[in-house]
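Student: Turn this into a model:
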Amino acid sequence: MAADLAMMPAYQLAKLFKKGKASPVEATRAALARIERFQPVLNCMQHIDADGALKQARASEKRWQKGKPLGPLDGIPTTIKDLVQTRGMPTRMGSAATDADGPWQTDAPTAARLREAGAVLLGKTTTPEYGWKGVTDSKLFGITRNPWDIHKTPGGSSGGGTAAEAVGIGNLALGTDGAGSVRIPCSFTGLFGLKPTFARVPLYPPSSQGTLSNAGPMTRTVRDAALMMNVIARPDPRDWYSIPTDDKEDYLKGLDKGVKGMRIAWSPDLGFVEKHRIDPKVAAATAEAIGIFRQLGARVEEASPRLEGLDPRDIENIHWTGNCSVLVKGFAPEKQALMDPGLLRAAEHGSRHSLETFIRAGHQRQHLGVAFNLFFQDYDLLLTPTMPMPAFNVGEPAAWGGDGVDIGWTPFTLTFNLTRQPAATIPCGFTKAGLPIGLQIVGPHYADSRVLRAAFAFEEAMPIKPPPMADN
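Tutor: From the prediction side, this is the model:
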């Protein structure tokens, strides 16, 4: 039963709690057993609060016994990314330049909402330093590995959370996404992940990547992600972009209504990604997934937005490296010496951009957003590959032999950080080597529920599978 509880979807676990057939304490012990088993192999946790988690679980157990749970996440073991401030737990940002002694007195909005909902906070998951790259390793915590193949990266920067979630270290995981940092690792580790519409999930303190950044759920089922959104997508005055009406949204409502009649665009290259850059198996698996949407009754046609020569990779790189420069310059030289050399290279690159370059990139971002707004006047959803490639070897800072400074190797994901639209990834197949492949589902602004609804319909047709490691 312990293994079953660890791998059980959160919504099913809550049903067992309600019926008294399982308890939050049992579920937490199952998760902690998984930490003991898999942490030495995957290195996905930077902090484990076993005593605190069991204390939270006992309190939750009493609430369920009295029939007064705080909500459907009460007692659900959950992990939180190291970039998210969490009271009582170290938030190191994956960086040796941060203060190891804290104090850790503040909950970010997402951590606060999860705590208020009764979720059992197991600990913090690994990330590269300040989430600066799309793989998960750091000088402070070392290399995190992919549970589908420990010689491969889980992606990043939320790779610790997805590696943990995939093997049952927590039934829910919270990540952040500034260029794909939820969707990259979910694609590489075979999970569902959602980057919500910008500001739908409040952030505090402000991210070093500014308005590129989002927080979102990483789960083993779409329904679990909807449950999480009902908790974390609530306004918070500490985020000045926070949407004041979001406390009225129910992401479970209409989840099972399917996609029949939806107008869906399928773009295998988004109109700008070079076809030779896309792994043939990725291209084939995502194209085959389109057939499922047609079988489900959607009207799917191949179409790409008119970008008028704009390349989202160039726009994102200017924003990204410029933000890295500002981040690094906020540290004293002796602290900078402790930082990832790759982050320092990105910062140095960003410092060379002229003011005119930054302003032009901001204008280009606006034009890009308008292009996608116009595109979504004709379509309810857009489908693309999530990543052009499957997971690559650990120790490499980027795909295609890159050094991580140019983040253009994740073109399908970064585009929607720029445009602010909701974008999810869901597993849609495997390579010959057995590595997961992700399909990206994108919606117009504030159509997060529609994205979840389409993902749920797809999941019903192609259920999400755990890595073999998780069942052994």
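Student: where does the residue lying closest to Thr286 once chain neighbours are set aside sit relative to Glu460, distance-wise?
Tutor: Excluding its sequence neighbours, the residue lying closest to Thr286 (CB to CB, 6 or more residues apart in numbering) is Pro385, at 4.5 Å. Using the backbone N, CA and C atoms, a C-beta is placed for each residue, glycine as well. Applying CB to CB, to the nearest Å, the value for Pro385 to Glu460 is 21 Å.
Student: cool, Phe392 as well?
Tutor: From Phe392 to Glu460 the distance is 31 Å (CB to CB).
Student: give me the element Tyr11 is part of.
Tutor: Assigned by DSSP states H and E, Tyr11 belongs to helix 10-19.
Student: For Lys18, see how far away the most far-flung residue of the chain relative to its centre is.
Tutor: Here the chain reaches farthest from its C-alpha mean at Lys66, the gap being 34.6 Å by CA atoms, centre = their mean. As judged by CB to CB, Lys66 and Lys18 stand 12 Å apart.
Student: quick one: average confidence on stretch 304-316?
Tutor: Stretch 304-316 shows a mean pLDDT of 97.
Student: got the contact list for that stretch?
Tutor: With contacts defined as CB atoms under 8 Å, 6 or more residues apart in numbering, stretch 304-316 is touched by 179, 212, 265, 267, 269-272, 361, 364-365, 367-368, 371-372, 374-375, 406-408, 411, 414-415, 417-418.
Student: re the thing from before, and Phe392 and Glu460? Which one has more around it.
Tutor: For Phe392 versus Glu460, neighbours defined as other CB atoms under 10 Å are more numerous around Phe392 (20 against 13).
Student: Verify the contact between the more buried one and Thr153 for me.
Tutor: Yes - Phe392 is in contact with Thr153 according to CB atoms under 8 Å; the separation is 6.3 Å.
Student: still on that earlier bit, so which of the contacts of stretch 304-316 are in helices?
Tutor: Among these, DSSP state H puts 361, 364-365, 367-368, 371-372, 374-375, 411, 414-415, 417-418 in helices.
Student: Looking at those residues, which is nearest Asp4?
Tutor: Asn417 (36.6 Å; CB to CB).
Student: Spatially nearest residue to that closest one, not counting backbone neighbours?
Tutor: Closest to Asn417 by CB to CB, 6+ apart is Leu212, at 4.6 Å.
Student: contacting residues for the residue nearest in space to the middle of the chain?
Tutor: Nearest to the mean C-alpha position of the chain, by CA atoms, centre = their mean, lies Val182 at 1.8 Å. Val182 makes contacts with Ser158, Gly175, Thr176, Gly193, Leu194, Lys195, Asn214, Gly216, Met218, Thr425, as judged by CB under 8 Å, 6+ apart.
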